[in-house]
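1. Pasting a predicted model and its sequence here:
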Amino acid sequence: MATATFDAFTAACPSRKLLDTLSDKWVSLAIVALGLSGSLRYSELAARIEGVSQKMLTQSLRRMERDGLVTRTVTPSVPVRTDYELTELGRSLMPVMRHIKEWAEEHMAEVEQARAAYDAA
């Protein structure tokens, strides 16, 4: 079976939608949180990612599930338990996403200085 060739620089390339998903801050934080913790309940994930609304976390997880990045396991109980875990495909993103998160944390002071200099000019 031939492998399709994708080029995100091309307007019609479907990889652009995937890049849009991956560049979403809630998606990237969810990937790192799940990668570091393994399986998490929805409520645990929501608590780990401070500031995310229920709506945004739900939408992000649905997009990730549709793209094959996470699996959702529903356990019938009272209340119903929903767990999320990275798939093998999702785990393959973990080093990249973790590195971006760590880079942002490490270089935030420099970025703040650059922003202040730009705004002052």
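-> That came through fine. Numbering: from 1, shown residues only.
2. C-alpha only now, for contacts and for neighbours.
-> Fine.
3. List the buried residues in the helix-or-strand element of the chain with minimal mean pLDDT.
-> In the chain, no helix or strand scores lower on mean pLDDT, DSSP states H and E than helix 15-22, which sits at a mean of 92. The neighbour-count check on helix 15-22 (16 or more other CA atoms under 10 Å) flags R16, T21, L22 as buried.
4. quick one: the strands in the chain?
-> 40-41, 70-75, 81-86 (DSSP state E).
5. can you list the residues that contact the least confident helix or strand of the chain?
-> F6, D7, A8, V27, S28, R63, M64, D67 (CA atoms under 8 Å, 6 or more residues apart in numbering).
6. Show me just the buried residues among those.
-> V27, S28, R63, M64.
7. now those residues as TSV including pLDDT and distance to L93?
-> Formatted as TSV, the buried ones among the contacts of helix 15-22 follow (pLDDT from 0 to 100; distance: CA to CA, whole Å):
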residue	pLDDT	distance to L93
V27	96	11
S28	95	9
R63	96	15
M64	97	12
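8. Now tabulate those residues in TSV and tack on distance to L86.
-> Below are these laid out as TSV (distance: CA to CA, whole Å):
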residue	distance to L86
V27	12
S28	12
R63	13
M64	9
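9. quick check: mean pLDDT across the longest helix anywhere in the chain?
-> In terms of residue count, the longest helix belonging to the chain (DSSP state H) is helix 88-120. Helix 88-120 shows a mean pLDDT of 95.
10. and the angle for that helix with strand 81-86?
-> Relative orientation of helix 88-120 versus strand 81-86 (axes from the mean of the first three to the mean of the last three CA atoms, to 10 degrees): 80 degrees.
11. roughly how far is helix 88-120 from the heart of the chain?
-> Mean-position distance between helix 88-120 and its chain equals 14 Å (CA atoms, centre = their mean, to the nearest Å).
12. And that helix, what's buried?
-> Quick answer for helix 88-120 (16+ other CA under 10 Å): G90, R91, L93, M94, M97, R98.
13. Wait, the fifth one touches A33, no?
-> No - contact criterion CA atoms under 8 Å: M97 and A33 do not qualify, at 10.1 Å.
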